[in-house]
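Undergrad: The sequence isn't on hand, but the structure is:
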């Protein structure tokens, strides 16, 4: 039973990293970023490419993916989202377009495949990231079998969640982000540069998605479409947890990931999905604004 | 000195201000008068760049600020006490006040005048802003604006919807901010009596246009009856 819970926890962790980014960007900017899953995908491909071409392992891939996805997020914010603030449906469509574009860029190897050039690790095929050997050997502590890679995922997520909490609640920039979430006009009237802070927030959330992509690449196949599935789970977590609530996102990721993990092992993946959706529907009917939410927007 | 010349302002396609000109001299209070819906709040919001679009010149101490983003105008020295106060309910009183500090140049701190004017706030710095009464929230909104270390304070009906015993206290604090700190204040006010007591100048709005302005002594009862009586 303990390893079932363990697998559930590691699923929760990845969900949490994805949802944290979505939650703070939606909370701070009112932007539903459909390309968030593709930022996860970019993170995963960063890990694959770094392994193949630079011979860098997982530990180097994590910060690298944070930067790559963060920069990609910054570019998306500058080119698309910044021009569409306050137009929620338009941003939804535009970022969906960006998502498709990013998938195609990877499939077509940034257009190089037209020129007959093949970049190892890109293209429409399936890719793998190799996990360092010592993270794949299970070991026993006090009779409990520990899966090192699953533990690693949980530790990285805990560290990044703590970092996010610290940034949001203990730094001046965090105060600015939270002020913008509550009331962007008053925030601006108090001298907060709403655009700059929003762009930084967006880049940070994108970076978290990139890290989630690397962790995901350790036990799932990396492919251009991988983002589409995870972004839906991310949105489920945000909706259940309450927009802009760190605690709500944390709890809802834990619960949904655990339900998914437990039911997948006891029955099968498809039934697990059905149970997760059922729980989400029930929770939304019970608390339409999510488990935790503050009044605003 | 805050000078507006021929300012137009828009929400979407509808024009809310038509060629309004006004000047608030340094260290004075200028009352912005008129009925509901004539553009008084819009005038304040336009000065901070919070409407959709505006034209004309807005200058602070001779520097044009009309083209700047809202946060840059706040940093240039304009602070806002909005209608409805707009306190952030789940921020503590301290966090609410210090929010204003992002517009001040250096470190964020609670201005020295705040404990003098509003001792209640100082004694409850760690309580959430949302639990305060209307009058206390108004004090908090003023304290937040003061933390911006402004040259000009924009105040939108600071005594509206506040229990009568606090109204006088707020009115006195406005006058003290003007006389003791030398703050220039643009005061949107429905209460002509207080406007006459506190302000040196006035501007009267009607349908988004300035219909009368000048020293407050020249505000006749006729003008008040014509543009403010319901």
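TA: Everything's here; your move. Please read all numbers here as calculations on a predicted model, not as lab measurements. Numbering: from 1, shown residues only, chains lettered A, B, ... in the order given.
Undergrad: To what extent is residue A:146 buried, counted in neighbours?
TA: Residue A:146 is flanked by 15 other residues according to other Cβ atoms under 10 Å in any protein chain shown. Where C-beta positions appear, they are placed from N, C-alpha and C, glycine not excepted.
Undergrad: Let me know whether it touches residue A:139 as I believe.
TA: Yes. Taking contacts as Cβ atoms under 8 Å, residue A:146 lies within contact range of residue A:139: 5.6 Å.
Undergrad: how close does residue B:199 sit to residue B:188?
TA: Residue B:199 sits at a distance of 11 Å from residue B:188 (criterion: Cβ to Cβ, to the nearest Å).
Undergrad: next one: residue B:132
TA: In terms of Cβ to Cβ, residue B:132 sits 22 Å off from residue B:188.
Undergrad: just checking, residue B:126 is part of a strand?
TA: No. Counting by DSSP: H, G, I helix; E, B strand; the rest coil, one finds residue B:126 to be coil, located in no strand.
Undergrad: mind checking the backbone torsions on it?
TA: Backbone torsions for residue B:126, taken as degrees, to the nearest 10, come to phi -100, psi 0.
Undergrad: interface residues of chain B facing chain A?
TA: B:48, B:50, B:69-72, B:74-75, B:79-80, B:82, B:86, B:88-91, B:95, B:98-104, B:108, B:144, B:148 (Cβ under 8 Å from any Cβ of the partner chain).
Undergrad: who's more crowded, residue B:199 and residue B:188?
TA: residue B:199 (25 against 22).
Undergrad: Show me the shaky parts of chain B.
TA: When residues are selected by pLDDT under 70, those of chain B lie in B:106.
Undergrad: any idea where the strands of it begin and end?
TA: B:2-11, B:14-24, B:29-33, B:53-60, B:63-64, B:78-81, B:152-156, B:184-188, B:201-206, B:209-215 (DSSP state E).
Undergrad: hey, which of these is tucked in deepest?
TA: With neighbours taken as mean count of other Cβ atoms under 10 Å in any protein chain shown, the strands of chain B reach their highest mean count in strand B:78-81, at a mean of 29.
Undergrad: Residue B:54 contacts residue B:65, correct?
TA: No. The pair residue B:54 / residue B:65 is not scored as a contact, 11.2 Å apart, by Cβ under 8 Å.
Undergrad: Find residues that contact each of residue B:199 and residue B:188.
TA: residue B:31 (Cβ atoms under 8 Å, 6 or more residues apart in numbering or on different chains).
Undergrad: So for whichever helix or strand residue A:187 is part of, mean pLDDT?
TA: Here residue A:187 is covered by helix A:184-189, with elements defined by DSSP states H and E. Average pLDDT, helix A:184-189: 92.
Undergrad: other SSEs contacting it?
TA: Other helices and strands packing on helix A:184-189, by 3 or more Cβ pairs under 8 Å, 6 or more residues apart in numbering or on different chains; DSSP states H and E, are helix A:172-182, helix A:194-217, helix B:70-76, strand B:78-81.
Undergrad: just checking, what's the longest helix in the chain?
TA: Went with chain A since none was named. Longest helix in chain A, counting residues (DSSP state H): helix A:2-29.
Undergrad: um, chain B though
TA: helix B:164-181.
Undergrad: buried residues in it?
TA: B:166-167, B:169-171, B:173-175, B:177-178 (16 or more other Cβ atoms under 10 Å in any protein chain shown).
Undergrad: Kindly report the same for stretch A:161-174.
TA: A:161, A:164, A:168, A:173-174.
Undergrad: What of stretch B:117-131?
TA: For stretch B:117-131, by 16+ other Cβ under 10 Å, it's B:117-118, B:121-122, B:124, B:128-129.
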